[in-house]
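A.B. asks: A structural model of the following input is requested.
(2 chains)
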Amino acid sequence: MQSVVGIDQSEVSANKERSVVRPNKGISREIVELISKEKNEPDWMREKRLAAFEIFLKKPMPTWGADLSKLDFDEITFYLKSDYGKYESWKDVPKDVKTTFEKLGIPQAERKFLAGVVGQYESEGFYQSLMEKYSKQGVIFCDTDTAIQKYPEILKEYFMTRCVSIADHKFASLHGAVWSGGSFVYVPAGVKVDLPLQTYFRMNAKNYGQFEHTLIVAEEGSSVHYIEGCTAPKYSSTSMHSAVVEIFVKKNAHVRYTTVQNWSTDVYNLNTKRAIVEEGGFVEWVGGSMGSGVTMLYPASMLIGRGARADHLNIAVGGPNQYKDTGAKVFHGAPDTTSTVVSKSIVFGGGETVYRGLLRVAKGAINSKAHVQCDALMLDDISKSDTVPTMEVFEDQVSVGHEATVGRISEEMLFYLQSRGLTEAEAMAMVVRGFVEPVVKKLPLEYAVELNRLIELEMEGSIG
Amino acid sequence: MKGLAIKNLSVSVAGKRVVNGLDLTVKQGEVLAFMGPNGSGKSSLAMAVAGSPKYIVESGQVLLNGVDLLKLKPDERAKKGLFVSFQHPVEVAGVTVASFLRMAYLAKNKGKKMGFGEFGKLLSEKMEQVGIDSKFASRELNVGFSGGEKKKLEVLQLLVLEPEFVILDELDSGLDIDSVAFLAKAVSEMVKTRKIGVIVITHYERILKFLKPDKVGVFVESRLRTVGGREIVKKLEKEGYVNFREAGV
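C.D. replies: Model (predicted):
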């Protein structure tokens, strides 16, 4: 099957860099100004960037979670503009970029099962398409830079305002200062987008920071499924990815956000993803976190309207030299709200995963239900897995549950499968597939196949 | 010789000798009942032949059609045509019966191409033969199965994988009498049509009514005490293993 999330790093190595604007490494006020100028942004955005930059300077580095002491901002290039331009027809896309993306399965996937695609290379989107059927109904799907120019009113209202603010934490501030690219999805009231929309991010240059900003607004009674796939070729030096995703789920709307990330192991992957869910709304976070060296990622759901609901499903794979600090945050701020968190992690080859979760139920959020399930599967004795769940419940009339398991692959199980003719590696892969199945079955088929293949690839050579 | 030849096999588990100098031959198309009291080491034989890492082979050979299985990994033994049904089949969460069996089938039949649809047909045919509802194809392997359902699933695997030699480790325990009859007949049919060799490990006579043994071995306190004809079964039913116990010591 054709790869749809783009995975095999070996097949798709780095292209020659074709940047036309490449500021000096490190971050400064001048660089922030330059980015805004290059993008020809309106004043309100430039001011927002500069305000974010000031806050960034003042905020301390986080001291919990992953070790970030080796992350050196002075060694990172914060913005790269390539000479690729923007295209709405695939045949016009420059050949080298086209080849990269075709190897990764785009746009074959678009023809088959997507309603729209945005492609981003380095800092900016270069390709976008949306089925006419949906654009006619007022659906918007484009890169966020384009959205700033074309839909300033919507962006002004939602961009880093009440969901993820520029003062949230150091990386949110940094993001606010240097963000570039990402996707903007707007679904008008009552419109249901039946096929997924997909964005594909590719980091190509080395020592580069990617800061895409994704904003999804689903108006009352609408529904949409948005998918992101991310990769980067392998370099030995540090790169950084610090995205922000903001999702607004209005009354009775439904948003599913799916991401399969496969950064190379030199990438610091530090993201902020948050949804505000109004009355009767439903947000689903489905994530597969492969690759990258250090990952910190805790999608958050703010359930602010009665009956709002959130499902968080995540798979984290921690192999050699990988540290995955992932989890979920859920705030129950209204009555009858429901949340489910299922987190599955697999560690091997000395890798480490941590489940870090925060569940807060506000006083007055009566009849709310929350359940957290985190399971870790350890394939050997040199790897580590940990669980740090925090629960703050200020209302009595609620149902809150937490289960955590840490398991090893049992010898009996492997032997049983082997006795039926599966090799040890096949048996191990089968047990792992079974372990992640509750999350994988939520993915579109193409992604499910891809994710399983990915996990097997990651495990290759580390078992047996 | 076509069949299974066990030569001077000694096995220990956790430092304790559980099979002591066993010699036993079962030809293709032959059924041997391997009987003995609880804890005599019967299951240890099955597990050691299958290649369980817990069981340490101290000495001996186990030849299947002339190939020494003890030199092979468990999956290679299966590929040579061995099938051991487990007394306690293991639960594997998240893996459906159908996907597991298809993988096992393809592992056994290397190079064969078989899509999900085609395999599904084969599977439902076999499921009918062992009296398993076709819904089980999409159930997780052994998860939440009753004891009897697990045993049926073992026989289902046997029918799908079509081995040349089968060891049934207390297939009859935990099964009602109707199911014993049904499963035993299914295996018996394979003996007739495919000339498979079978070792039936059991405490009880009842399974042997439907899967008629050509030979009966009595295994007591980790040693094979005698091998004879079907008349031994009657004798055991009447007298128990006491005489064999004394005879050996």
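A.B. asks: just the buried residues of stretch B:160-172, please?
C.D. replies: B:160, B:161, B:163, B:164, B:165, B:166, B:167, B:168, B:169, B:170, B:171, B:172 (16 or more other CB atoms under 10 Å in any protein chain shown). In short, each C-beta sits where N, CA and C put it, glycine included.
A.B. asks: okay, residue B:120: pLDDT?
C.D. replies: In the predicted model, residue B:120 carries a pLDDT score of 91.
A.B. asks: in a helix, it, correct?
C.D. replies: Yes - under DSSP: H, G, I helix; E, B strand; the rest coil, residue B:120 falls within a helix.
A.B. asks: and it, how many neighbours does it have?
C.D. replies: By the measure other CB atoms under 10 Å in any protein chain shown, the count of residues near residue B:120 is 15.
A.B. asks: need the contact list for the residue of chain A found nearest chain B.
C.D. replies: In chain A, no residue comes nearer to chain B than residue A:434, which is 2.9 Å away by CB to the nearest CB. For residue A:434, the contact set (CB atoms under 8 Å, 6 or more residues apart in numbering or on different chains) comprises B:92, B:93, B:94, B:95, B:140, B:141.
A.B. asks: which one is it nearest to, not counting chain neighbours?
C.D. replies: What sits nearest to residue A:434 in space, not counting adjacent residues and going by CB to CB, 6 or more residues apart in numbering or on different chains, is residue B:94, at 2.9 Å.
A.B. asks: wait, what's in contact with the one you found?
C.D. replies: Applying CB under 8 Å, 6+ apart, the residues contacting residue B:94 are A:433, A:434, A:435, A:436, A:437, A:438, B:140.
A.B. asks: so the second one sits in a helix?
C.D. replies: So that's residue A:434. Yes - Residue A:434: assigned to a helix according to three-state DSSP.
A.B. asks: pull up the gap between it and residue A:342, please.
C.D. replies: 14 Å (CB to CB, to the nearest Å).
A.B. asks: re earlier: most surrounded residue in the contacts of residue A:434?
C.D. replies: The contacts of residue A:434, ranked by neighbours (other CB under 10 Å): first place residue B:141, 27 neighbours.
A.B. asks: how about the contacts made by the closest residue to that residue other than its chain neighbours?
C.D. replies: The shortest distance from residue B:141 to any non-neighbouring residue, by CB to CB, 6+ apart, is to residue B:92 (4.2 Å). With contact set as CB under 8 Å, 6+ apart, residue B:92 has these partners: A:413, A:416, A:417, A:430, A:431, A:434, B:100, B:140, B:141, B:142, B:143.
A.B. asks: and if you look at residue A:265?
C.D. replies: Going by CB under 8 Å, 6+ apart, residue A:265 touches A:234, A:291, A:292, A:293, A:321, A:322.
A.B. asks: same check, this time on residue A:194
C.D. replies: Contacts of residue A:194 were listed using CB under 8 Å, 6+ apart, and they are residue A:115.
A.B. asks: let's see it at 10 Å
C.D. replies: A:115, A:131, A:133, A:134, A:223, A:224, A:225 (CB atoms under 10 Å, 6 or more residues apart in numbering or on different chains).
A.B. asks: where's it relative to residue B:100, distance?
C.D. replies: 33 Å.
A.B. asks: likewise for residue A:313?
C.D. replies: For residue A:313 relative to residue B:100 (CB to CB), the value is 23 Å.
A.B. asks: what's the answer for residue B:169, then?
C.D. replies: Separation of residue B:169 from residue B:100 (CB to CB): 19 Å.
A.B. asks: repeat for residue A:427
C.D. replies: Distance of residue A:427 to residue B:100, given as CB to CB: 10 Å.
A.B. asks: and for these two, which residues touch both?
C.D. replies: Residues touching both residue A:427 and residue B:100 by CB under 10 Å, 6+ apart: A:417, A:420, B:92.
A.B. asks: these into a markdown table, with extra columns for pLDDT and distance to residue A:166?
C.D. replies: Shown next, in a markdown table, are these (pLDDT from 0 to 100; distance: CB to CB, whole Å):
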| residue | pLDDT | distance to residue A:166 |
| --- | --- | --- |
| A:417 | 97 | 52 |
| A:420 | 97 | 57 |
| B:92 | 94 | 48 |
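A.B. asks: give me phi/psi at whichever residue of chain B sits closest to chain A?
C.D. replies: Across chain B, the shortest distance to chain A (CB to the nearest CB) belongs to residue B:94, at 2.9 Å. Main-chain torsions, residue B:94, degrees, to the nearest 10: phi 80, psi 0.
A.B. asks: lowest-confidence helix or strand of chain A?
C.D. replies: Here the helix or strand of chain A ranked lowest by mean pLDDT, DSSP states H and E is helix A:108-113, holding a mean of 61.
A.B. asks: could you give the mean pLDDT of the very next helix or strand once past that one?
C.D. replies: The helix or strand immediately downstream of helix A:108-113 is strand A:116-121, counting by DSSP states H and E. Taken as a whole, strand A:116-121 has a mean pLDDT of 74.
A.B. asks: check the offset of strand A:116-121 from the chain's centre.
C.D. replies: The gap between the average C-alpha position of strand A:116-121 and the chain average comes to 15 Å, counting by CA atoms, centre = their mean, to the nearest Å.
A.B. asks: and if you look at stretch B:100-118?
C.D. replies: Offset of stretch B:100-118 from its chain centre (CA atoms, centre = their mean): 22 Å.
A.B. asks: chain B contacts on the stretch 351-464 of chain A?
C.D. replies: Applying CB under 10 Å from any CB of the partner chain, one finds that the stretch 351-464 of chain A approaches chain B through A:375, A:407, A:410-427, A:429-441.
A.B. asks: the same query, at a cut-off of 7 Å, please.
C.D. replies: A:411-413, A:415-416, A:418-423, A:426, A:430-431, A:433-435, A:437-438 (CB under 7 Å from any CB of the partner chain).
A.B. asks: hey, where'd the helices end up in the stretch 51-200 of chain A?
C.D. replies: A:95-103, A:108-113, A:132-136, A:144-150, A:152-158, A:170-178 (DSSP state H, counting those that start in this stretch).
A.B. asks: buried residues in the fourth one, which are they?
C.D. replies: Using 16+ other CB under 10 Å as the test for burial, helix A:144-150 gives A:144, A:145, A:146, A:147, A:148.
A.B. asks: counting by contacts, list what that helix packs against.
C.D. replies: strand A:124-130, strand A:183-187 (3 or more CB pairs under 7 Å, 6 or more residues apart in numbering or on different chains; DSSP states H and E).
A.B. asks: at 8 Å what do you get?
C.D. replies: strand A:124-130, helix A:152-158, strand A:183-187, strand A:213-218 (3 or more CB pairs under 8 Å, 6 or more residues apart in numbering or on different chains; DSSP states H and E).
A.B. asks: quick one: low-confidence ranges for the chain?
C.D. replies: Just so you know, I chose chain A. For chain A, the stretches with pLDDT under 70 are A:1-20, A:82-86, A:96-97, A:100-113, A:122-123, A:203-207, A:230-238, A:460-464.
A.B. asks: right idea, wrong chain: chain B
C.D. replies: Using pLDDT under 70, the flagged stretches of chain B are B:246-249.
A.B. asks: who in it is up against chain A?
C.D. replies: Taking CB under 8 Å from any CB of the partner chain, the part of chain B that reaches chain A is made up of B:50-54, B:73-75, B:77-79, B:84, B:86, B:89-95, B:100, B:103-104, B:107-108, B:140-141, B:157, B:161.
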